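Colleague: Predicted model, plus sequence, below.
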Amino acid sequence: MLDTGDDLFTREDPIFANKELLEISHLPGEGRIVGRDDEISQLANAVNPAIFGQSPSNVLIYGKTGTGKSLCAKYVSKRLVETAAGEGVEAAFAYVDCAQDTTETQAVQTIAEGVNDPDETGIRVPDKGLSTSTYYKRLWRILDARFDVVLILLDEIDKLDDDDILMQLSRAGEAGKIERSKLGVIGISNKIQYKDRMDERVKSSLCEREFVFPPYDANQLRDIMEARSDAFREGVLDPSTIPRAAALAAREHGDARKAIDILRYAGEIAQSTGVPTVREEFVTQARERAETDRFRELIRGSTPHSRYVLQALALLSLSNQRQDGFRTSRVYEIYENICRQEGSDSLSLRRVRDLLKEHAFLDIIEQSKHSGGSAEGSYTKHRLLEDPEVVKEVLTENIDG
DNA sequence: AATCCACTGGAAAAAGAGGGCG
DNA sequence: CGCCCTCTTTTTCCAGTGGATT
């Protein structure tokens, strides 16, 4: 996405030797996963029966973002499939990011597509258009046709809007939906409280084993970055850069993904300014850039009206610098103006309230409740958390697209 | 204590898009 | 093609909320 590796010009990259090591999607090989040895062996232990074609334990993994949950789960699954193959057991794993596939149907579709091979099974899995039960039926057929054991990784399981899929998966065997295959579910959640919300029946079957991944400390973050430092050319990385970035990341979140992002941005800053080494002071800049990018990413893909609402709030913040928030009706007025300018019909007040709430959920704005004087009742104030200038800029730059 | 009233937020349902299947 | 399915966006309806005023 960021750069497509245009090898016409980059054959003599002065900074990066192997930039893929710093991409988020990169799955490190053996010995590159730092500080998670215990977790990995426990996880492996839980799913071990799969190697002999027996049912693996269902597992629930907790931990904040960037603590290596997905990484370890994927790594163990991959190793498991390899080992099982050595034993003559046909195993596979399917990975679902529930933040992207929030509904039951989408998640089933992703699993089915992930484990399917149309040439072998002759079963097609269309993107959409089928009923949920049809997707299930096809999934069961695919599984029985191809595999002895299947591990299903459900990442960010708390983003799922209902538990139905867990119910179906955990009971597939008993209900006789699948005969040959055994299923194992590995659920990954950011929220510890997730389990409380779960249906009792699902809870008992899904939570056979539970693991909590603690955040990385500064030393571990440093090791993680060191382990990937050969993404850079020799001598390019200033010795103080990694400790600095590690300290910064540990203090703020302990998120390894962000830490690696920062390292990559620092490298890119060096690259674009033509400096031959990655210096310590780039780390601060890199962090800022990571934040702006995060915001752009949040905005991207939102509907026009969702943007207008944000724009209205940005406009208000710019013209009234020292106010701590703007009430809904005020935002709505400005929003209506913007709609007139853009020549589109404005949405109802009710809808705009929901849009504001969505933004609050993404930490773009902050909402606070107030109670007013006579005939005022209770109301909500909205305040932009990002820099209004940045918001306005990002919002207007995308209009031509 | 009753009343005001601008605003809140849950619920349901319409509308419309996207897509498969026979 | 007609029917069925899902899913998102949006509207409509309505029962609260809560401090100041009466």
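Modeller: Cool, the structure landed. Numbers count the residues shown, from 1 in each chain, chains lettered A, B, ... in the order given.
Colleague: what ranges do the strands span in chain A?
Modeller: With DSSP state E as the criterion, chain A has strands at A:59-63, A:91-97, A:149-155, A:182-189, A:209-213, A:326-327, A:365-371, A:378-384.
Colleague: do you know which of these lies nearest A:A50?
Modeller: Of all the strands of chain A, it is strand A:149-155 that lies closest to A:A50, at 4.3 Å by Cβ to Cβ. Backbone N, C-alpha and C define where each C-beta goes, glycine included.
Colleague: rewinding a little: for A:D119, find the nearest of the strands of chain A.
Modeller: Closest to A:D119 of those, according to Cβ to Cβ: strand A:91-97, at 15.5 Å.
Colleague: Tell me which other helices or strands the closest one touches.
Modeller: Judged by 3 or more Cβ pairs under 8 Å, 6 or more residues apart in numbering; DSSP states H and E, the packing partners of strand A:91-97 are helix A:69-86, helix A:104-115, strand A:149-155.
Colleague: The ones you listed into JSON lines, with extra columns for mean pLDDT, distance to DNA strand B and mean neighbour count?
Modeller: Shown next, in JSON lines, are the helices and strands packed on strand A:91-97 (pLDDT from 0 to 100; distance: least, Cβ to the nearest atom of the strand, whole Å; neighbours: other Cβ atoms under 10 Å):
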{"stretch": "helix A:69-86", "mean pLDDT": "92", "distance to DNA strand B": "28", "mean neighbour count": "19"}
{"stretch": "helix A:104-115", "mean pLDDT": "93", "distance to DNA strand B": "10", "mean neighbour count": "22"}
{"stretch": "strand A:149-155", "mean pLDDT": "93", "distance to DNA strand B": "22", "mean neighbour count": "25"}
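Colleague: Now do the buried residues in stretch A:181-191.
Modeller: Neighbour-count burial for stretch A:181-191 flags A:181-190 (criterion: 16 or more other Cβ atoms under 10 Å).
Colleague: Would you mind listing what in chain A touches DNA strand B?
Modeller: Remark: the part of chain A in contact with DNA strand B comprises A:124, A:126-130, A:327-329, A:350, A:353, A:357, A:369, A:374-380, using Cβ under 7 Å from any atom of the strand.
Colleague: Show the buried residues in these.
Modeller: Neighbour counting with 16+ other Cβ under 10 Å marks A:130, A:328, A:353, A:380 as buried within the residues of chain A next to DNA strand B.
Colleague: Let me know the closest of these to DNA strand C.
Modeller: A:L130 (7.1 Å; Cβ to the nearest atom of the strand).
Colleague: what's the closest of the strands of chain A to DNA strand C?
Modeller: Of all the strands of chain A, the one in closest proximity to DNA strand C, counting by Cβ to the nearest atom of the strand, is strand A:365-371 (3.5 Å).
Colleague: ok, back up a step: as a markdown table, the buried ones among the residues of chain A next to DNA strand B with pLDDT and distance to A:Q321 would be great.
Modeller: Shown next, in a markdown table, are those (pLDDT from 0 to 100; distance: Cβ to Cβ, whole Å):
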| residue | pLDDT | distance to A:Q321 |
| --- | --- | --- |
| A:L130 | 93 | 53 |
| A:T328 | 89 | 20 |
| A:R353 | 92 | 25 |
| A:T380 | 87 | 21 |
